[in-house]
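Q: What follows is a predicted structure for the sequence shown.
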Amino acid sequence: MLTIPQRSKTRSGVAYVETGSGEALVLVHGVGMRLEAWAPQIAALRHTHRVIAVDMPGHGASERIPSSSTLSDFVAWFGTFLDELDIKQANVAGHSMGALIAGGAAARFGDTIRRVALLNAVYKRDATARTAVRLRAAQIENGQIDPEAPLKRWFSEEEVTSEAYRLTGSWLKQIDRQGYATAYSAFADGDATYADAWPRISCPALFLTGEDDPNSTAEMAEVMAKAAQNGVAKIIAGHRHMVNLTAPDVVNEILKEWLSREAKPS
């Protein structure tokens, strides 16, 4: 796997790595992860793009944000990050919680976002799923953190001996508890925040997930793609939540196609 370059930090304490040149491509990971989760994508896309991978607040080496922060606050944090790097236009890809941030950025920042990709995103959870995720958020806020539970949802039994499984487990065990709780609470209540914005988002939008992801379902991806003006859904058979690590070659080819789609001139 790619050796990640040394992190830099913005004035406000956001940690990121940057490599390559060309159009900016900003990568935002999910709850409990860190920017290293994008290593296969960084390795593949740095040859054609200026790739910037960022640690979410309270994750990796990024400073925390207030514990009461909602998804809207995370999106505002992301806008500040783009401003601090003086990025006027960017392609943005997010995974899981990062996908909610990416979608929010497309809704709020208009022409700043040239293309947007949501990997393993949630969308308008049903009552059962909403109750389950809010229960997990409450447990995490109370300090009841079980790093094994997400792995059971995110990977199949056949993948428990994989390098992706090992790495993901190691990142979950390193997580800052307060940063994790803040992000998970925003994630639990954030799936509907910008859900109705897709009909007015005109940039090329990709919605990708694993066929067997029990929470970020194929149906969610397909519904979002139909709602967006310029949306496409891609479902990867035989994979679950960490599809960018378990099927990196397939994901990278789909991302390359998305990045080749016509967007508004820079």
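A: Now that the structure is in, tell me what you want to look at. Residues are numbered from 1 along each chain as shown.
Q: only C-alpha atoms for contact and neighbour calcs from this point on.
A: Will do.
Q: part of a strand, is E36?
A: No - secondary structure of E36 (DSSP: H, G, I helix; E, B strand; the rest coil): helix, not part of a strand.
Q: Number of residues surrounding it?
A: 23 (other Cα atoms under 10 Å).
Q: heads up, I number from 471, so please use that
A: Taking 471 as the first residue, the last one we looked at is E506.
Q: Not counting its neighbours along the chain, what's nearest it?
A: Nearest-residue entry for E506: I474, 6.9 Å, with adjacent residues in sequence omitted and distances by Cα to Cα, 6 or more residues apart in numbering.
Q: Pull out the C-alpha coordinates of stretch 558-566 and format them as CSV.
A: Output in CSV follows, covering the C-alpha atoms of stretch 558-566 (Å, rounded to 0.1, in the frame of the first residue of the first chain):
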residue,chain,number,x,y,z
LYS,A,558,-11.5,27.9,-5.7
GLN,A,559,-12.9,24.7,-7.4
ALA,A,560,-12.6,21.0,-6.4
ASN,A,561,-13.9,17.6,-7.1
VAL,A,562,-14.9,16.1,-3.8
ALA,A,563,-15.3,12.4,-2.9
GLY,A,564,-16.5,11.3,0.5
HIS,A,565,-17.0,7.9,2.1
SER,A,566,-19.8,7.2,4.6
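Q: Which residues belonging to it are considered buried?
A: 559-566 (16 or more other Cα atoms under 10 Å).
Q: Among those residues, which ones are in strands?
A: Taking DSSP state E as the definition of strands, the buried residues of stretch 558-566 contribute 560-565.
Q: how about the helices in this protein?
A: Using DSSP state H, the helices of the chain run over 509-515, 541-554, 567-578, 597-611, 618-624, 633-644, 647-659, 688-697, 713-716, 718-730.
Q: For the longest one, list every residue counted as buried.
A: Pointing back at helix 597-611 there. Buried, per 16+ other Cα under 10 Å, within helix 597-611: 603-604, 606-607, 610-611.
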